[in-house]
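*Asks:* Requesting a structural model of the entry that follows:
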Amino acid sequence: MIDYKKMNSVCFVFLQGIGDFIMFTPALNKIKIINPSIKISIVLRKELGLKALAENTGLFESVHEIPLAKQPVFYIPWIFWLNDYWIIREELKRLFETFKPEYVKIIYTQLLPTIVYKVLCPGRIKKHKIDRFAAEAGAMLTEAEKNSPIIVIPRDISDAFGGEVDGLPGMSEAVLIGIHRNTADRTRFIDIDVVREFIDKLNAGKEKHYFIIFADRNSYDLEWNRDGKHLSAPNLKYSFELLGDKDSLHMAALIKRCDFIISIDSSVFNIAGALGKNTIGIFNTYKVHSNQRRLNRSNMLCIDKSKVAAADLMEKYYLLKALQM
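*Replies:* Model (predicted):
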């Protein structure tokens with residue numbers, strides 16, 4: 001266990017995903033509570049556009065980025081570190097010449113591949129990510145702290161993105177639904193025709209809906225190569241599309257503007273949870289169940305089902321609407 005109470009400065013090397021970073025913020029905040037004078041620095045992966053999001057949490061003395069060359073299609077930490085070891089090593093040496101933290105800690109999100117848990121540890125339940133991060137950081141969390149990820153969106157960014165959406169015809173009477181259906185590595189996805197059917201059914205009703213489609217450039221190209229079509233194809237009634245040329249803070253501003261979020265287990269899901277949005281989480285293709293990700297909130301409903309149908313989405317959507325009335 002690391003004792004942060006008397007430490008002057010610490011640097012966390014955190015080269016994991018956007019959602020992982022969101023889940024890590026309660027542990028970082030707890031460290032600041034334990035030692036208000038501690039100076040925390042963090043090193044993030046540049047490609048994820050996390051810097052602005054991190055800087056606005058108010059947790060860090062400095063935020064640094066490392067560009068990585070590769071990310072394995074199937075994420076196994078040993079392969080990840082083997083691929084990028086020399087890049088990480090040299091970049092960290094360069095960074096630490098400009099600032100010299102008292103302690104450096106590398107945070108891993110997955111200590112063992114899934115196969116080890118399945119074969120060697122049958123029946124073992126992995127810790128929730130927040131619990132694991134907190135344990136690694138030496139800052140165990142209460143239930144309330146665990147359910148308090150930190151995202152701060154500056155007013156100017158929130159107004160800019162909200163204004164862009166609010167300018168759509170009839171938006172003041174419409175329900176805005178954000179949908180994230182596909183990761184770039186295809187480990188998590190909802191079938192494109194299922195989402196299309198869900199959108200068509202909502203559009204056939206009396207209530208007016210708009211849709212934001214969250215997709216980065218890789219997953220957008222994958223839709224075309226794999227499915228021969230895009231969820232945001234011209235024949236669909238969609239209103240706005242986000243590609244991967246915006247940073248995570250801008251994505252958070254769009255998620256905040258949505259009335260409902262439907263998302264696979266991803267950064268969109270985790271940001272929506274941190275912002276307290278009405279959220280439907282889909283856990284159907286990845287070796288993780290919703291109870292390992294879900295925050296304990298009444299406005300989050302999850303589907304743990306290998307074959308998700310449009311009827312499942314409709315059921316959860318109307319149930320979530322009823323719960324919020």
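*Asks:* Report the buried residues of the helix or strand harbouring residue 199.
*Replies:* Assigned by DSSP states H and E, residue 199 belongs to helix 192-203. Buried positions in helix 192-203, judged by neighbour count with 16 or more other C-beta atoms under 10 Å: 192, 194, 195, 196, 197, 198, 199, 202. From N, CA and C alone the C-beta is placed, and that goes for glycine too.
*Asks:* and the helix or strand following that helix with helix 192-203, angle?
*Replies:* Along the chain past helix 192-203, the next helix or strand (assigned with DSSP H and E) turns out to be strand 209-214. Angle of strand 209-214 versus helix 192-203, following axes from the mean of the first three to the mean of the last three C-alpha atoms, to 10 degrees, is 150 degrees.
*Asks:* mind listing the helices for the stretch 1-150 of the chain?
*Replies:* Residue ranges of the helices in the stretch 1-150 of the chain, as given by DSSP state H, counting those that start in this stretch, are 18-34, 51-55, 77-98, 114-120, 129-137, 143-146.
*Asks:* Sort out which residues of the helix or strand just after the last one are buried, please.
*Replies:* Going back to what we said before, that points to helix 143-146. Going down the chain from helix 143-146, the next helix or strand is helix 155-166, by DSSP H and E. Using 16+ other C-beta under 10 Å as the test for burial, helix 155-166 gives 157, 158, 161, 165.
*Asks:* now swap in stretch 268-286 and tell me
*Replies:* 268-275, 277-286.
*Asks:* again with stretch 165-178
*Replies:* For stretch 165-178, by 16+ other C-beta under 10 Å, it's 165, 174, 175, 176, 177, 178.
*Asks:* Of those residues, which pair is most distant in space?
*Replies:* 174 and 178 (13.1 Å; C-beta to C-beta).
*Asks:* who touches the residue nearest to residue 165 when sequence neighbours are not counted in this structure?
*Replies:* In space, and not counting its chain neighbours, residue 165 is closest to residue 257: 5.3 Å by C-beta to C-beta, 6 or more residues apart in numbering. Residues in contact with residue 257 (C-beta atoms under 8 Å, 6 or more residues apart in numbering) are 158, 161, 162, 165, 176.
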